[in-house]
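> Fold the following.
(chains A and B)
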Amino acid sequence: MTSPASSSEVKYLIESSEGNTFDVSGAALRQSNTFNAMFLNIGADGPIPFTDYNEATLKKVFEYCEHSVNEENYSGPKHQDDLSKWDLNFFNEMDQKMFIDVINASNFLDIERLTSYCCERIARMLRGKNTQEMIKVITLPTAEELEAKQKVEEKKAAAAKKVAEKAAETAEKTETLEELPVQQLVQTTRNKLTRKYLSFSNE
Amino acid sequence: MIPKKVSRMISVFPLFRLPQVVLFEVFRFLDPNDLIPIALCSQRAFNLVRINWRKSTKSAIWMDSRLYFGSDMKVNDIFYNLLTVSRIEDVPEYYLGLVQIKGSKIPIGYNRERNSLETYWDDVCYGFKAVMEFITELFSSDIHTVMFDKNTYWCVEWVESRQKSLMNAHIYRDQLVDNIKYSEIMNSCSAENLMIHAYQIGLMISTETVFRTRNHLSIYWGDWVQVEHLMNMDCVEIEVKDSFFKKSDVSSFLKNWLNGGNSRLKYLSISTQYIDIDLFCQEEFPENIVRSDREMEYESERIGKCKVPICSGLKRKDGVIAFIIWNHRERLLTVIMSNGVTTS
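A predicted model of the protein is given here:
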């Protein structure tokens, strides 16, 4: 099932975050430098756990690797116009969440070609945008939002300060009580009890 | 009053939630001018661009104050317009928004003519300095070249005050600069390479003036330059155009060089009267004359590539040869030293 063989016929079992397993060819896996460093020479006795990533993401990543097994050696990212129909479909059918998951997995598995293609796509999306568009694209708070956030922070800080001051006051009072000499406390209690006893006797 | 900004629908992408390695890779695909809008988003975005941008050894920041105040980056002979600076009165009707640069919140717009993002300031000089500080900090580089005109020499002085050295200073428009300003530029500018494309009628600079040591000095409209000036210019490369050197001047200069003067000189180009080089060398320097046996090449950042044809030369005691070429079309005499020849 899993062996340290170099033949492309050998299949490896991959385990996803859900605990599911699926097959990937050795040739496809060898595009991952992480795999090469960890398992290629020593082999794996059971499924290879890539449990930080879900099954759909891993399948997508290895779908790319399986497809590019027979491609020429990687020599930098392709220009958009040079992408094959398959490549275009591969990227276009992903939603943003899947795209980000694929980048993260590809980065972890150190699959140079796929990571580069993804990065080139992001760069293309960012090119030619002005700052205001960029703020929206990269989901950064705008200057106004930052100001509003700062005001909220200031209010929070003021509220926290008030709470702290109150707490300090209470602590001060407690401290005063705690600091009373024991003998004095005993005397005060005795006096109270005596007064109570006397009033009881009088009745 | 500042007009309302424009906006359009765009999809979002959590760029700064990507792993650092991926972000670094994304920035690798972006040109310097694409990074400016990202860096202007916030202080955090600025820091991330600064950390993740891969500095090229062939990138140079230019501060250009000729026609307008602009910052550019030159990478491998390609110019990228980064940010320009204009007066607040020039804010267009549809500006893009407000950005924060070095503590000032200012409007930003897009200038189609200059193909650049443009910032608008109450005080443009202050704004230009703030923009240049922003750029140099973002790209972790000093200013490489200052292009200035007769009214903006302060740019050179400001750059000199904030960094250890300046590579190029270039007054680039054929302007009439007053005598005092001209001398000030010549003597006080500490740039390694100084190019003066300005003129001054009747300029008087004492022949005993000791010029600053620098790598390259170009003087256009060099009618004031005399051979004594040339001998006092301690440079690797000297170019003087529109000068009026005679054969006797060239002879004096070469005698001085043969005796160890202008020891660092590797390239000299001056406007002279017609000189038959072979005859001149035979008559004036019969003991030093040699002839090259092959074509050679001289190459430098300022001069570019320059062919050295088979020609006569003068050999100094230490073995260095000065190859002398006369360019009939441009009426220029060029002297290239054998220790400066890059290929043969």
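> contacts and neighbour counts: CA atoms only from here.
Noted.
> which residues sit against stretch B:135-144?
Outside of stretch B:135-144, the residues that reach it under the criterion C-alpha atoms under 8 Å, 6 or more residues apart in numbering or on different chains are B:39, B:46-47, B:49-50, B:53, B:55, B:60-63, B:71, B:159, B:163, B:166-168.
> Tell me which of those fall in helices.
When DSSP state H is applied, the contacts of stretch B:135-144 are split such that B:39, B:46-47, B:49-50, B:159 fall in helices.
> Please pick the buried ones from these.
When the ones in helices among the contacts of stretch B:135-144 are checked for burial by 16 or more other C-alpha atoms under 10 Å in any protein chain shown, the buried set is B:39, B:46, B:49-50, B:159.
> shaky segments in the stretch 1-150 of chain B?
Segments of the stretch 1-150 of chain B classed as low confidence (criterion: pLDDT under 70) are B:1-11.
> Please repeat the previous calculation with a cut-off of 50.
B:1, B:3-10 (pLDDT under 50).
> just chain A next, same as before
Under the criterion pLDDT under 50, the flagged ranges of chain A are A:1-8, A:175, A:177, A:182, A:185, A:189, A:196, A:198-203.
> Spell out which parts of it neighbour chain B.
Residues of chain A found near chain B, taking C-alpha under 8 Å from any C-alpha of the partner chain as the criterion, are A:96, A:100, A:103-104, A:107, A:115-116, A:119-120, A:122-123, A:126-140, A:142-143.
> B:Val22 contacts A:Asn107, correct?
Yes - judged on C-alpha atoms under 8 Å, B:Val22 makes contact with A:Asn107 at a distance of 7.0 Å.
> give me phi/psi at B:Leu18?
The phi and psi torsions at B:Leu18 (degrees, to the nearest 10) take the values phi -80, psi 150.
> Quick check: chain neighbours aside, which residue is closest to it?
Closest residue to B:Leu18 in three dimensions, ignoring its sequence neighbours and counting by C-alpha to C-alpha, 6 or more residues apart in numbering or on different chains: A:Asn104, at 7.4 Å.
> For chain A, just list every one of the strands.
Taking DSSP state E as the criterion, chain A contains strands spanning A:11-15, A:21-25, A:48-49.
> Give me whichever of the ones you listed is most buried.
Of these, the one with the most neighbours on average (mean count of other C-alpha atoms under 10 Å in any protein chain shown) is strand A:11-15, at a mean of 21.
> Now tell me what touches it from outside.
A:1-3, A:21-26, A:46-51, A:55.
> and the angle for it with strand A:21-25?
Regarding strand A:11-15 and strand A:21-25, their directions subtend 140 degrees when assessed with axes from the mean of the first three to the mean of the last three C-alpha atoms, to 10 degrees.
> Given strand A:11-15, what are its sheet partners and their directions?
Sheet pairing of strand A:11-15 (DSSP bridges) gives strand A:21-25 (antiparallel), strand A:48-49 (parallel).
> Please name the bridge partners of the spatially most central residue of chain B.
Within chain B, the residue whose C-alpha comes closest to the C-alpha centroid is B:Asn168; the distance, by C-alpha atoms, centre = their mean, is 3.5 Å. Taking DSSP bridges as the rule, B:Asn168 bridges to B:Thr145, B:Asn193.
> From the residues of chain A next to chain B, list just the buried residues.
Neighbour counting by 16+ other C-alpha under 10 Å classes A:100, A:103-104, A:107, A:115-116, A:119-120, A:122-123, A:126-127, A:129-140, A:142-143 among the residues of chain A next to chain B as buried.
> Can you tell me which of the residues you listed end up in helices?
With helices identified by DSSP H, the entries of these that belong to them are A:100, A:103-104, A:107, A:115-116, A:119-120, A:122-123, A:126, A:131-137, A:143.
> Kindly tell me how buried the closest residue to B:Asn81 other than its chain neighbours is, as a neighbour count.
By the measure of C-alpha to C-alpha, 6+ apart, the closest residue to B:Asn81 outside its immediate chain neighbours is B:Asp72, 4.6 Å from it. Other residues near B:Asp72 number 23, with proximity taken as other C-alpha atoms under 10 Å in any protein chain shown.
> and if you look at B:Ile321?
A total of 24 residues lie near B:Ile321 under the criterion other C-alpha under 10 Å.
> sorry, back to before: could I get the strands paired with strand A:11-15 as CSV with distance to B:Glu299?
Written out in CSV, the entries for the strands paired with strand A:11-15 read as follows (distance: least, C-alpha to C-alpha, whole Å):
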stretch, distance to B:Glu299
strand A:21-25, 54
strand A:48-49, 58
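> List the buried residues of the helix or strand containing B:Lys129.
When secondary structure is defined by DSSP states H and E, B:Lys129 falls within helix B:124-138. Neighbour-count burial for helix B:124-138, counted by 16+ other C-alpha under 10 Å, picks out B:124-125, B:127-136, B:138.
> dump the residue contacts of the closest residue to A:Cys119 other than its chain neighbours.
Across the structure, with C-alpha to C-alpha, 6+ apart as the measure, the residue nearest A:Cys119 apart from its sequence neighbours is B:Val26 (4.7 Å). Under the criterion of C-alpha under 8 Å, 6+ apart, the neighbours of B:Val26 are A:119-120, A:122-123.
> same thing but at 10 Å, please
Under the criterion of C-alpha atoms under 10 Å, 6 or more residues apart in numbering or on different chains, the neighbours of B:Val26 are A:115-124, A:126, B:15, B:18, B:20, B:52-53.
> Break chain B down into its structural domains.
B:1-141, B:234-344 (automatic domain parsing).
> Leaving out sequence neighbours, find the closest residue to residue 91.
Reading this off chain A. With sequence-adjacent residues excluded and distances taken as C-alpha to C-alpha, 6+ apart, A:Phe91 is closest to A:Phe99, at 7.7 Å.
> right idea, wrong chain: chain B
Nearest in space to B:Val91, with sequence neighbours left out and distances taken as C-alpha to C-alpha, 6+ apart, is B:Tyr120 at 6.3 Å.
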